[in-house]
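Visitor: A structural model of the following input is requested.
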Amino acid sequence: MMLDGYGFYRALFFPRHTLARHRAPGWPAAGERQLFDVGIGRRLWFLDTPDLAPVLRRVAGFPGDRQGAVWTGLGEACAFGGGRGEGAAEALRRAAGPFLPCVAQGAAFAAEVRERGGNPAPHTELACRVLCGVSATAAAAATRETAAAAAAPRDTAGTPAAPPPIEVWRRRLQARFA
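Guide: Numbers count the residues shown, from 1 in each chain. Purely as a prediction, here's the structure:
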């Protein structure tokens, strides 16, 4: 989750580089840069703007191979943090188009985090029903059921095989909500 947090931090404190120029660190291993982009998506949700249009324009500006992870961050922030009003989840659903499974994956992850913390929220329930098509409890259960193995498989040289377990889990959860 360090990369997710770093993406949020970079988008918050260095928006010109991270949001306008789409810069990402070069050091994450293949398949792990998506986690940085999830953090960017979470930050975008909290832009100081009354509607989602500027947020969606920012997402559309990212290279295509990075947009799915940014959408995941939007779904996560929508479900965990809320704060954009009643119609925000529905607007996010309509705007997501082919990225809806990514948004749903983020919302389901947020539901699992809230469930583990014992702090359910009405906006989490609403976001899961709208974005995942199931309750927050069912979305959290799907998150647990699709969790990847704890350790990445290694090749004979001892290096992690691609894709990393977190990416395997993300893909499984997205497929569940596709």
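Visitor: and the nearest residue to residue 99 once chain neighbours are set aside, how far from residue 96?
Guide: Computed as CB to CB, 6 or more residues apart in numbering, the closest residue to residue 99 that is not its neighbour in sequence is residue 71, at 4.0 Å. Quick note: C-beta positions are derived from backbone N, CA and C, even for glycine. Distance of residue 71 to residue 96, given as CB to CB, to the nearest Å: 6 Å.
Visitor: can you map out the helices along the protein?
Guide: 2-13, 15, 33-45, 53-60, 64-80, 88-96, 100-117, 122-131, 136-145, 165-177 (DSSP state H).
Visitor: which one of the ones you listed lies nearest to residue 23?
Guide: helix 2-13 (8.0 Å; CB to CB).
Visitor: what mean pLDDT does the closest one get?
Guide: Regarding helix 2-13, the rounded mean pLDDT is 93.
Visitor: hmm, who's touching the very next helix or strand once past that helix?
Guide: Per DSSP states H and E, the first helix or strand lying C-terminal to helix 2-13 is helix 15. Helix 15 has contacts (CB atoms under 8 Å, 6 or more residues apart in numbering) with no other residue.
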